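Enquirer: structure for this input, please:
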Amino acid sequence: MERKSNLSRRTHGDVPVAVGAKGETEDRPVFFASSGKPLPEEMAELMDILMTGGYSCVIRNGDKIRTFTKRGVADLYHLLQDEPDFLNGAMVADKVVGKGAASLLILGDVRRVCALVMSDSALALLRRAGVETDCGEKVAYIRNRAGTGYCPVESLCAQAATAEEALPLIERFLASLR
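Expert: I've put the predicted structure just below:
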């Protein structure tokens, strides 16, 4: 699988961190956008929280910042179902964004997404929806936790042309886990 990186890499514990070519500032890593320019301060702050806090996802809407720890799409799904207003216009920093997560973020009408790893299909879907995107590593697909193949949600959503088509697939998948 070919990996394309738009950001210089180092690790923070076992987690890769995007850092600028000139290294770190005194208080945190320098995060760069896919364009090669530094991320806006608000997004850089979210990425810093993501990495230093060990979270799976960090979301800012206005002056409120929320952190999440579950793996997969469960947190995003529940947020979309229970508190959709929090996603509307939000900025999201996430470790891994596949097509399923991208679909939920689009349905929540987020403004910007920055991920350490993002699949090609997620990136394309987010861009078609007009969501600003940045990623440290673009991959053909998101791998399952064992690293032996496709992530099950990525696989389920592969044929969905829109976020709306992906939603019932994600709902059935999460229901099957209960």
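
Enquirer: and the strand or helix carrying residue 65, what's buried?
Expert: Using DSSP states H and E, residue 65 maps to strand 64-68. Along strand 64-68, these residues count as buried under the neighbour rule (16 or more other C-beta atoms under 10 Å): 65, 67, 68. Every C-beta, even on glycine, is put in place using the N, C-alpha and C of the backbone.

Enquirer: which other helices and strands does that strand contact?
Expert: Applying 3 or more C-beta pairs under 8 Å, 6 or more residues apart in numbering; DSSP states H and E, one finds that strand 64-68 makes contact with helix 41-53, strand 57-61, helix 74-82.

Enquirer: could you look up the SS state of residue 160?
Expert: Following DSSP: H, G, I helix; E, B strand; the rest coil, we place residue 160 in the coil state.

Enquirer: average pLDDT across the lengthiest helix in the chain?
Expert: Determined from DSSP state H, the single longest helix within the chain is helix 163-177. Here helix 163-177 scores 96 as its mean pLDDT.

Enquirer: what inclination does it have with respect to helix 74-82?
Expert: Angle of helix 163-177 versus helix 74-82, following axes from the mean of the first three to the mean of the last three C-alpha atoms, to 10 degrees, is 110 degrees.

Enquirer: can you list contacts of helix 163-177?
Expert: By C-beta atoms under 8 Å, 6 or more residues apart in numbering, the residues outside helix 163-177 that reach it are 73-74, 77, 99-100, 102-104, 106-107, 125, 129, 152-153, 156-157, 160.

Enquirer: any of the residues you listed buried? List them.
Expert: Looks like those have 73, 77, 99-100, 102-104, 106-107, 125, 129, 152-153, 156-157, 160 buried, using 16+ other C-beta under 10 Å.

Enquirer: now, which of these sits nearest residue 115?
Expert: Nearest to residue 115 among the buried ones among the contacts of helix 163-177: residue 102, at 9.2 Å, using C-beta to C-beta.

Enquirer: wait, that closest one sits on residue 120?
Expert: No - with contacts counted by C-beta atoms under 8 Å, residue 102 stays clear of residue 120, the gap being 10.7 Å.

Enquirer: done for today, thanks.
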